[in-house]
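Novice: predicted model and sequence below, questions to follow.
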Amino acid sequence: MSRTGRPREFNRDKAIDSAMNLFWEKGFESTSLADLRQTLNLSSASFYAAFGSKKILYAECLNRYMETCGQVTIALDDLSISPRKAIENMLHQTISMQTSTLSPSGCMAVLSGLNCCDENKEVEQLTKNVRKQTRDAISRCVLRGIESGELPENTNVEVITLMIDCFVKGIAIQARDHVSKDQLLAAADTLLQCWKV
């Protein structure tokens, strides 16, 4: 009697990375189960045995993304450098990562979980929560900028946070539209001219 299950050579970590890149490139809605099974070289039974469902796999892939590519936001809480430098480092690292030819362009957290149908609204919420983590980290950095005297005491934290966060989220679309790394870096440096007393 034949046995069903994952192939002997199945490597879960590699499978998560492959699925992550697929979701990152195509988005949650446009990535079909057939796409996933073909990319991971798994039968339907093996796929469900390994991951449970497409949504569960997506959540695991998004978590992997944040543990790897999403680490660019760590710079925002680096107390060993100035708040302005932290913002600069985060922007430059984000641009470098999202324009790299070694992975899909843009940001998985921005591009892959938008415009989901009603039955997948939890996927939208999942990515929204991840995006909020970045916005919250920017806000903490702006507050630190005020406390350190880099920004005026009357700085509107919400407005400056939103301005920077809109730029960060916009990088994903510009990178997907093949705007060059150099152009994006120049735009980021121009944005940073607003960061002064």
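Specialist: Looks like it came in fine. These numbers come from a predicted model, not from an experiment.
Novice: can you give me the helices for the protein?
Specialist: 12-26, 33-40, 44-51, 54-67, 83-98, 108-111, 121-148, 157-176, 181-191 (DSSP state H).
Novice: tell me which of these is the most buried.
Specialist: Ranked by average neighbour count under the criterion mean count of other C-beta atoms under 10 Å, those are headed by helix 108-111 at a mean of 24. Every C-beta, even on glycine, is put in place using the N, C-alpha and C of the backbone.
Novice: so what touches it?
Specialist: Contacting residues not belonging to helix 108-111 are listed as 20, 23-24, 27, 61-62, 65-66, 69-70, 127, 130-131, 134, 169, 172-173, 176 [C-beta atoms under 8 Å, 6 or more residues apart in numbering].
Novice: re the thing from before, for the helices of the chain, give me CSV that also has distance to Leu76 and mean pLDDT.
Specialist: As requested, the helices of the chain are exported to CSV (distance: least, C-beta to C-beta, whole Å; pLDDT from 0 to 100):
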stretch, distance to Leu76, mean pLDDT
helix 12-26, 22, 95
helix 33-40, 33, 95
helix 44-51, 32, 93
helix 54-67, 14, 96
helix 83-98, 5, 97
helix 108-111, 15, 94
helix 121-148, 4, 95
helix 157-176, 10, 97
helix 181-191, 14, 98
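Novice: quick one: Asp35 from Leu42, how far?
Specialist: In this view, Asp35 and Leu42 are 12 Å apart by C-beta to C-beta, to the nearest Å.
Novice: go on, Ile56?
Specialist: Distance of Ile56 to Leu42, computed by C-beta to C-beta: 14 Å.
Novice: take the helices of the chain and write them to a markdown table, including distance to Ile74.
Specialist: Below are these laid out as a markdown table (distance: least, C-beta to C-beta, whole Å):
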| stretch | distance to Ile74 |
| --- | --- |
| helix 12-26 | 19 |
| helix 33-40 | 29 |
| helix 44-51 | 28 |
| helix 54-67 | 11 |
| helix 83-98 | 8 |
| helix 108-111 | 15 |
| helix 121-148 | 8 |
| helix 157-176 | 14 |
| helix 181-191 | 18 |
